[in-house]
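*Asks:* Generate coordinates for the sequence data below:
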Amino acid sequence: MHKTITGLEHFIESPPSGIRNARLGLLCNPASVDSHYRHARHCITKRFPGRLRALYSPQHGFFAEKQDNMIESADMVDPELGLPVFSLYGQSRVPDRDMFDPIDILLVDLQDVGTRVYTFVYTLSYCMEAARRYDRKVVVLDRPNPMNGLLVEGSCLDPAFASFVGRYPIPMRHGLTIGELARLFNETFDIGCDLEIVPLQNWQRWMYFRATGLPWVAPSPNLPTPESAVVYPGQVIWEGTNISEGRGTTQPFEIFGAPFIKVPELEAVVMPADIPGICLRPVSFEPTSNKWEGQRCNGFQLHVTAPDKYRPFETSLRLLAGILKVYPDDFQWKAPPYEYEYEKLPIDLILGGDHIRIALSAGATIAELQAEWQPDLESFVELSRSVHMYR
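*Replies:* Sure, this is the predicted structure:
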């Protein structure tokens, strides 16, 4: 099997027409590297001297140094190239005319993680809307979906709960690359900008990230490994609760827990259920920041033993249902704000609506919930085939 070639390396080797004399901008972060760990801005500067005029950064900052939600980054100057860096997670998340004035073409090289709530893709969507408004072009340098492009899972977003962690009616695990998502936004959700995708080479839809042969650089501080990205579509739901998702530890999203959890009690409820593809190993941990800072939390680590059988969203909902049953007095839904939404509950924004929260609180089973969201999920699967670029 040949190593996957990213859109960045494909772009450097065979740039699209019209690039050579254009003023270029680059939306990027530390994960924007080639297979030799060289950063995209250096690769592009070497290939097109003097053409790169501005840089843009998503949530967590240009250096991915900001740890949590709603911690903004200021505009800055790149200390290496001396180029302006415009923050798209600062005073505004929407590019204005001044940000796009220095460029003709915006290159986008971001590692998405295949999950509806990951904000990088909505930064992309705002840039695409701005490109249409200001008559600029967007070129997406495609990267793999680290969880493969075959499996799609979960409920689709209710448009009434649209936010910066979900702008479009897609499922929690969408099964698309960032380039395919850009096509979906542009064609199906009617952004209508001048868009071009520089595709991957040697990537197939069955591949998890480890199969690509590419280096993993954390796209955000709390996704340090491909394994943390695999569990993220389910484990992110703890952000909407008082259960620690492992922030402030070395294994964010792979572990979860709270001081009030007693592992044998929770095991008695969740272990008899058929939860395929993982081993739940009891753990105790003490977060150094975020929820339950400095307190011992008890819970589990998710060890994925069979990725193709593991369903992250379903699995974490089963765990949530168990905690709701065993700890009704200790468990709490987190209060707003969350990603610049000050009224709706964070869990509803994460789950894409209030129905799952209400149904689980009333004792609904995961099977009942799946039966309800399945028709929308199947419709999305059919719709998404129109933007597939890889077999």
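
*Asks:* tell me the helices in the stretch 201-350 of the chain, going along the chain?
*Replies:* In the stretch 201-350 of the chain, the helices defined using DSSP state H, counting those that start in this stretch lie at 226-235, 263-270, 312-326, 346-351.

*Asks:* out of those helices, nearest to Ser379?
*Replies:* helix 312-326 (17.4 Å; CB to CB). (C-beta placed from N, C-alpha, C; glycine too.)

*Asks:* Pop out the phi and psi values for Asp194.
*Replies:* According to degrees, to the nearest 10, the main-chain angles of Asp194 amount to phi -80, psi 100.

*Asks:* Quick one: list the elements packing against whatever helix or strand Asp98 lives in.
*Replies:* Asp98 is part of helix 97-100, with elements assigned from DSSP states H and E. Other helices and strands packing on helix 97-100, by 3 or more CB pairs under 8 Å, 6 or more residues apart in numbering; DSSP states H and E, are helix 120-134.

*Asks:* try 10 Å
*Replies:* strand 52-57, strand 84-87, helix 120-134 (3 or more CB pairs under 10 Å, 6 or more residues apart in numbering; DSSP states H and E).

*Asks:* Present these as TSV; the columns should include mean pLDDT and mean neighbour count.
*Replies:* Listed next are the helices and strands packed on helix 97-100 as TSV, based on pLDDT from 0 to 100; neighbours: other CB atoms under 10 Å:
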stretch	mean pLDDT	mean neighbour count
strand 52-57	98	22
strand 84-87	98	20
helix 120-134	98	21
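
*Asks:* Among those, which comes closest to Leu200?
*Replies:* helix 120-134 (16.5 Å).

*Asks:* Minimum distance to Pro252: which of the helices and strands packed on helix 97-100 has it?
*Replies:* Comparing those by CB to CB, helix 120-134 comes nearest, at 17.1 Å.

*Asks:* Please export the alpha-carbon coordinates of the closest one; CSV is fine.
*Replies:* Extracted C-alpha coordinates of helix 120-134, given in CSV (Å, rounded to 0.1, in the frame of the first residue of the first chain):
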residue,chain,number,x,y,z
PHE,A,120,-12.6,24.1,11.9
VAL,A,121,-15.1,23.2,9.2
TYR,A,122,-17.4,26.1,10.1
THR,A,123,-14.5,28.5,10.0
LEU,A,124,-14.0,27.1,6.5
SER,A,125,-17.7,27.7,5.7
TYR,A,126,-17.5,31.3,6.9
CYS,A,127,-14.4,31.8,4.7
MET,A,128,-16.2,30.3,1.7
GLU,A,129,-19.1,32.7,2.3
ALA,A,130,-16.7,35.6,2.6
ALA,A,131,-14.9,34.5,-0.6
ARG,A,132,-18.2,34.6,-2.5
ARG,A,133,-19.0,38.1,-1.0
TYR,A,134,-15.6,39.6,-1.8
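
*Asks:* pLDDT weak spots in the stretch 1-150 of the chain?
*Replies:* Where the stretch 1-150 of the chain drops to pLDDT under 70, the residues are 1.

*Asks:* tell me the strands in it, going along the chain?
*Replies:* Using DSSP state E, counting those that start in this stretch, the strands found in the stretch 1-150 of the chain span residues 24-27, 52-57, 76-77, 84-87, 105-108, 137-141.

*Asks:* Need those in TSV (columns: distance to Asp308).
*Replies:* Shown next, in TSV, are the strands of the stretch 1-150 of the chain (distance: least, CB to CB, whole Å):
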stretch	distance to Asp308
strand 24-27	32
strand 52-57	35
strand 76-77	42
strand 84-87	39
strand 105-108	30
strand 137-141	27
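
*Asks:* hang on, the earlier thing: how about a markdown table for the helices and strands packed on helix 97-100, with distance to Ser244 added?
*Replies:* Conversion of these to a markdown table gives the following (distance: least, CB to CB, whole Å):
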| stretch | distance to Ser244 |
| --- | --- |
| strand 52-57 | 28 |
| strand 84-87 | 28 |
| helix 120-134 | 24 |
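
*Asks:* Which among the strands of the stretch 1-150 of the chain is found nearest to Asp96?
*Replies:* Nearest of those (CB to CB): strand 84-87, 9.1 Å.

*Asks:* what lines up beside that closest one in the sheet?
*Replies:* Here strand 84-87 has these sheet partners by DSSP bridges: strand 52-57 (parallel), strand 76-77 (antiparallel).

*Asks:* Ok, which of the strands of the stretch 1-150 of the chain comes nearest Phe300?
*Replies:* Comparing those by CB to CB, strand 52-57 comes nearest, at 34.3 Å.

*Asks:* report the angle between the axes of that closest one and helix 120-134?
*Replies:* 140 degrees (axes from the mean of the first three to the mean of the last three CA atoms, to 10 degrees).

*Asks:* Can I get strand 52-57 in PDB, CA atoms only?
*Replies:* Extracted in PDB, the C-alpha atoms of strand 52-57 (Å, rounded to 0.1, in the frame of the first residue of the first chain):
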ATOM      1  CA  LEU A  52       2.000  34.100   0.300                       C
ATOM      2  CA  ARG A  53       0.700  37.400   1.700                       C
ATOM      3  CA  ALA A  54      -1.500  36.500   4.700                       C
ATOM      4  CA  LEU A  55      -2.200  33.700   7.200                       C
ATOM      5  CA  TYR A  56      -5.400  32.800   9.000                       C
ATOM      6  CA  SER A  57      -5.900  30.700  12.200                       C
END
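
*Asks:* quick revisit: the helices of the stretch 201-350 of the chain: lowest mean pLDDT?
*Replies:* Sorting the helices of the stretch 201-350 of the chain by mean pLDDT places helix 263-270 lowest, at a mean of 94.
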